[in-house]
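Participant: Fold the following.
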Amino acid sequence: MSTEHIVKSFDDELRRLDNIIAEMGGIAEVQIADSIDALVKRDVDLAERVIEKDKQIDALEHELDEFATTILALRQPMADDLRVVIAALKTAAVLERIGDYAKNIAKRTIALSQAPPAGPTKTIVRMARLVQSMVKNVLDAYVNRDAEMAMDVRDSDEEVDALHTSLFRELLTYMMEDPRVIGAGTHLLFVAKNIERIGDHATNIAKNVHILVLGAPPSESRRKGDASSYTMIENVDIGEVKK
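Facilitator: Below you'll find the model as predicted:
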């Protein structure tokens, strides 16, 4: 077998890793969009399809893990090629987690569908659209080996954090004013946290892209704008609570 053929074969294998990542990412993007659509429309059937489709992401991660392990064992890649394999393994794991968060949103949508409509959804939808854009852009950065684009995605997570903090305050106030909606409000708090975590995972992929392209992690720490862990809401006079 000629050296040229061996090199081409190896290049094809590395491209296959990128193709699997692209396929996983495409499914994850749809899962995010569908889970939020199901939440807004209270569409249980769509939520159940989101839950079922998560198996595809899991299967693709397993496929990539086995294929990458084979490459490491047989090809023993070095330098740039090794970074490609390691980045693929790390990114696949992140995309699998993103799929899990979308699935969890779908599960909570099913629970919420059994109660009267409650809670603010506009901010949730805004957060979700921003996070969906982050996932799309960071995957484009991954495929195109664009470190600058990846860092733009990393920076945009600060807006997601700020929206999450605002929504956290809004939902707490909403539940304090009417204790009857505490159950639904709690589910919405978890939905908001799942969306915020998807944004965090998009920044993890951005870090992978930076290492893949430049051989080192970003020099500056990522700015965090989520203050929900420190947020307190003043008590509402129980006499003012709606009956």
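Participant: From now on I want contacts and neighbour counts done on CA atoms only, so please keep to that.
Facilitator: Will do.
Participant: Quick one: list the elements packing against the helix or strand hosting residue 128.
Facilitator: Per DSSP states H and E: residue 128 is located in helix 122-144. The contact analysis (3 or more C-alpha pairs under 8 Å, 6 or more residues apart in numbering; DSSP states H and E) places helix 122-144 against helix 3-41, helix 147-177, helix 182-214.
Participant: mind redoing it with 10 Å?
Facilitator: helix 3-41, helix 79-112, helix 147-177, helix 182-214 (3 or more C-alpha pairs under 10 Å, 6 or more residues apart in numbering; DSSP states H and E).
Participant: quick one: buried residues of that helix?
Facilitator: Using 16 or more other C-alpha atoms under 10 Å as the test for burial, helix 122-144 gives 124-125, 127-142.
Participant: Spatially central, which residue of this structure would that be?
Facilitator: residue 198 (2.7 Å; C-alpha atoms, centre = their mean).
Participant: which non-adjacent residue is nearest that one?
Facilitator: Leaving aside its chain neighbours, residue 198 sits nearest to residue 98 (5.6 Å; criterion: C-alpha to C-alpha, 6 or more residues apart in numbering).
Participant: Isn't the one you found up against residue 203?
Facilitator: No - using C-alpha atoms under 10 Å as the test, residue 98 is too far from residue 203 to be in contact (11.8 Å).
Participant: Overlap of the contact sets of the two?
Facilitator: Shared contacts of residue 98 and residue 203, defined by C-alpha atoms under 10 Å, 6 or more residues apart in numbering, are found at 135, 197.
Participant: Neighbour count for those two, which is higher?
Facilitator: Taking other C-alpha atoms under 10 Å, residue 98 and residue 203 do not tie; residue 98 has more neighbours (28 against 24).
Participant: Ramachandran coordinates for residue 146?
Facilitator: phi -110, psi 100 (degrees, to the nearest 10).
Participant: Tell me, how many residues neighbour it?
Facilitator: Going by other C-alpha under 10 Å, the residues that sit close to residue 146 add up to 19.
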